[in-house]
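>>> Requesting a structural model of the entry that follows:
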Amino acid sequence: MNQKKRIAVIGAGLGGLSAAGFLQRAGFPVKVYEQAPTFSRIGAGIILSANATKVLRRLGIEQALVEAGIKPHCYISRAWDTGETIYKIVFDAETEARYGGPYLNIHRGDLHAVLERAVSSGTIAFDHRLVDLEQTSDAIRLVFENGATTEADIVIGADGIRSKVREFLLSAEPPQFVGAAAYRAIFPTERLRGFEIPDCTKWWGRDRHHCLPYFLTGRRDEVYAIGVVPVSGWDGDEASVPSSREEYLESFAGFHADLQRVLEAVETVSLWPIYDRERNNCWSGGRIVLMGDACHPMRPFMAAGGAMAVEDGAILSRCLEKFDEPAEAFRRYEATRIPRVSDVQRISIENSWMGGPTETDWFYRYDACTAPLAPPL
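The predicted model follows:
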């Protein structure tokens, strides 16, 4: 029976914990292995659109997410030079009802603190970096850098764009730098010195220059500002390097004064290279399956990576619950997910989402908990 299959999830991110939460509710014994020593409140903000929040509602954490983050009043796109509003969407009771869930901004650290509640106590094993994986006739043996070993019947690789599980399944090909990097900064709203800003604004520049400041809490006491700029190359494997307010301002010199006021309030800044992978629709093999950025990396230009991982978790858990054979479950999962994530990847690469009049219903109204499971490709 499915309920007896032991499942190991590699990676305690948004997708991994969503999958684990649903699988536990379906009766599977699940363990999540995370390479970080603990969750901490560092990093960046994240946007969770209605297609993600309505799924997380089924895990019983929607209200906690709303309390930890902010339901923004609106999303505004403005021209880099004139400040003209080129697109605006208002998030109110009507749009929330139409989309089936709220639109949220939240600090990634606060998100992880809430996500832990979606799984049973003791589910997450921290400080477990996967170094070896071997499929046998009876089980999958996993070896971790700290010397720990375990066995599972199914392994889910939810370990990001540099996925170790993907490496075992497919190849050790490194991700590709896309020629862009993102400045990231979080600062207290009081540094704006009374200058009022909308809840979420995207400033559209030439090429792929854009900057997206938004509030992270319902108190509106913290602002996150991510600014993407072209970069000719990137040496090294660092996830990020320190930068400065001066470099951030210089990269957006000539942009509207409203954005300059925001960037002048920045304190600590880091620069994060953006990577991608060539498309590969092989997401599984044997009793191993990939999800999220491990199989379909998303560039950050649509703020959709987290939502796609949540959807993956819901669909994959449904398939594993419904189909006894993992291979059949994986084929149905891939057939259901690949067409949708293909569209999202394309739009993310284009960097066209909300850059003008945008049809959003197909994206926000999708419900991975009720969407039909497609026949195998």
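>>> quick one: furthest residue from the center of this protein?
For the chain, the residue at maximal distance from the C-alpha centroid (C-alpha atoms, centre = their mean) is Ser137, at 33.9 Å.
>>> in what helix or strand does that residue lie?
Using DSSP states H and E, Ser137 sits within no helix or strand.
>>> Ends of stretch 77-86, what's the gap?
End-to-end distance of stretch 77-86: 6 Å, with C-alpha to C-alpha, to the nearest Å as the criterion.
>>> Mind listing what's buried along that stretch?
Buried residues in stretch 77-86, counted by 16 or more other C-beta atoms under 10 Å: Ser77, Arg78, Trp80. (Glycine included, C-beta is placed from N, CA and C.)
>>> Then stretch 84-101?
For stretch 84-101, burial by neighbour count (16+ other C-beta under 10 Å) applies to Tyr87, Ile89, Phe91, Thr95, Glu96, Tyr99, Gly100, Gly101.
>>> next one: that stretch to chain centre, how far?
21 Å (C-alpha atoms, centre = their mean, to the nearest Å).
>>> hang on, the earlier thing: when you check the buried residues of stretch 84-101 against the helices, which ones overlap?
Judged by DSSP state H, helices contain the following of the buried residues of stretch 84-101: Thr95, Glu96, Tyr99.
>>> Kindly reformat the residues you listed as CSV containing distance to Ala44 and pLDDT.
CSV is the format used below for those (distance: C-beta to C-beta, whole Å; pLDDT from 0 to 100):
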residue, distance to Ala44, pLDDT
Thr95, 25, 96
Glu96, 25, 97
Tyr99, 24, 98
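>>> Pull out the buried residues from the helix or strand hosting Val165.
In this assignment (DSSP H and E), Val165 forms part of helix 164-169. Taking 16+ other C-beta under 10 Å as the neighbour-count basis, helix 164-169 is seen to contain the buried residues Lys164, Val165, Arg166, Glu167, Phe168, Leu169.
>>> What residues does the closest residue to the second one other than its chain neighbours make contact with?
Leaving out its chain neighbours, the residue that sits closest to Val165 by C-beta to C-beta, 6 or more residues apart in numbering is Gly157, at 2.7 Å. Taking C-beta atoms under 8 Å, 6 or more residues apart in numbering as the definition of contact, the neighbours of Gly157 are 10-11, 163-166, 169, 288-291, 294-295.
>>> where along the stretch 201-350 of the chain do the helices fall?
245-251, 257-264, 305-322, 326-350 (DSSP state H, counting those that start in this stretch).
>>> Flag the shaky bits of the chain, pLDDT-wise.
Flagging of the chain using pLDDT under 70 yields the residue ranges 1-3, 208.
>>> biggest strand in it by residues?
In the chain, taking DSSP state E as the definition, the longest strand is strand 176-188.
>>> Which secondary structure elements does that one sit against?
strand 222-230, helix 245-251, strand 270-276 (3 or more C-beta pairs under 8 Å, 6 or more residues apart in numbering; DSSP states H and E).
>>> hmm, back to that, output the contacts of Gly157 in CSV; the columns should cover distance to Leu373.
Listed next are the contacts of Gly157 as CSV, based on distance: C-beta to C-beta, whole Å:
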residue, distance to Leu373
Ile10, 24
Gly11, 24
Ser163, 24
Lys164, 28
Val165, 23
Arg166, 23
Leu169, 22
Ile288, 20
Val289, 15
Leu290, 18
Met291, 15
Ala294, 21
Cys295, 18
